[in-house]
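Enquirer: generate a structure from the sequence data that follows.
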Amino acid sequence: MDPLTLEVVQHSLAGIAEEMGATLRRTARSPNITEREDASCALTTPAGEMCAQAEHIPVHLGAMPASVAAALEEFPDMVEGDAVLLNDPFAGGTHLNDLTLVSPVFGPEADKAVLLGFVANRAHHADVGGKVPGSMPGDSTDIYQEGLRVPPVLAWRRGVPQDTILKVIAANSRAPAE
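Expert: The predicted model follows:
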């Protein structure tokens, strides 16, 4: 690929990640996302390697490939409309308040869908349980005191929300609307 084409493709992909972030901020209910802009978006290759990111929160983006890898390890055969949710620091998460969504992107090729890569976003949520409001106790001695740890789980399957996991997360939050 010549340098000019490479730059056009790179900036187009980064633009997609920026638009993802703008849409997330515009549609979110939490001031952590709408006002503090504590969220990040990225695109990966089909193997889960980061290929584009928006200029958001660096710590989110640095750990994003590990979260995508954890999602792929748990759900290697994702289909269109699937979204894997996680916040587990032992699976590429940052801290428990930062929930990550990973979804496959498919493109048409004749009669079958071809995996183009994945989109991922990570956003800070006000409370995910734990021993103090806000889920970030400075005196915690283990992760169980910090809140609900979510391993990679399917939060959407073929475009349908999986209410059970969403209810579990909401039931463990002091601010479920956020």
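Enquirer: the helices in this structure, which residues?
Expert: 3-27, 31-34, 58-74, 163-171 (DSSP state H).
Enquirer: of all these, which one is nearest K131?
Expert: helix 163-171 (16.4 Å; Cβ to Cβ). (Each C-beta comes from the backbone N, C-alpha and C, glycine too.)
Enquirer: among the helices of the chain, which is the most enclosed?
Expert: helix 58-74 (a mean of 20; mean count of other Cβ atoms under 10 Å).
Enquirer: who touches that one?
Expert: With contacts defined as Cβ atoms under 8 Å, 6 or more residues apart in numbering, helix 58-74 is touched by 39-40, 42, 44, 48-50, 53, 78, 84, 86, 88, 91-94, 98, 100, 102, 118, 120, 122, 151-152.
Enquirer: would you show me how to pick out the buried ones of those in PyMOL?
Expert: Selection of buried members from the contacts of helix 58-74 for PyMOL, criterion 16 or more other Cβ atoms under 10 Å:
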select buried, resi 39+40+42+44+48+50+53+78+84+86+88+91+92+93+94+98+100+102+118+120+122+152
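Enquirer: filter the contacts of helix 58-74 down to the ones in strands?
Expert: The strands, defined by DSSP state E, take in 39-40, 42, 44, 50, 53, 84, 86, 98, 100, 102, 118, 120, 122 from the contacts of helix 58-74.
Enquirer: quick one: low-confidence ranges for the protein?
Expert: 110-111 (pLDDT under 70).
Enquirer: centroid-wise, who is the farthest residue in this structure?
Expert: Computed with Cα atoms, centre = their mean, the residue of the chain farthest from its C-alpha average is D2, at 32.2 Å.
Enquirer: dump the helices of the chain to a markdown table, plus distance to G138.
Expert: Shown next, in a markdown table, are the helices of the chain (distance: least, Cβ to Cβ, whole Å):
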| stretch | distance to G138 |
| --- | --- |
| helix 3-27 | 28 |
| helix 31-34 | 19 |
| helix 58-74 | 18 |
| helix 163-171 | 23 |
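Enquirer: between those, which gets nearest to Y144?
Expert: Closest approach to Y144 among the helices of the chain (Cβ to Cβ): helix 163-171, 15.5 Å.
Enquirer: packing partners for that closest one?
Expert: Applying 3 or more Cβ pairs under 8 Å, 6 or more residues apart in numbering; DSSP states H and E, we find helix 163-171 packed against strand 153-157.
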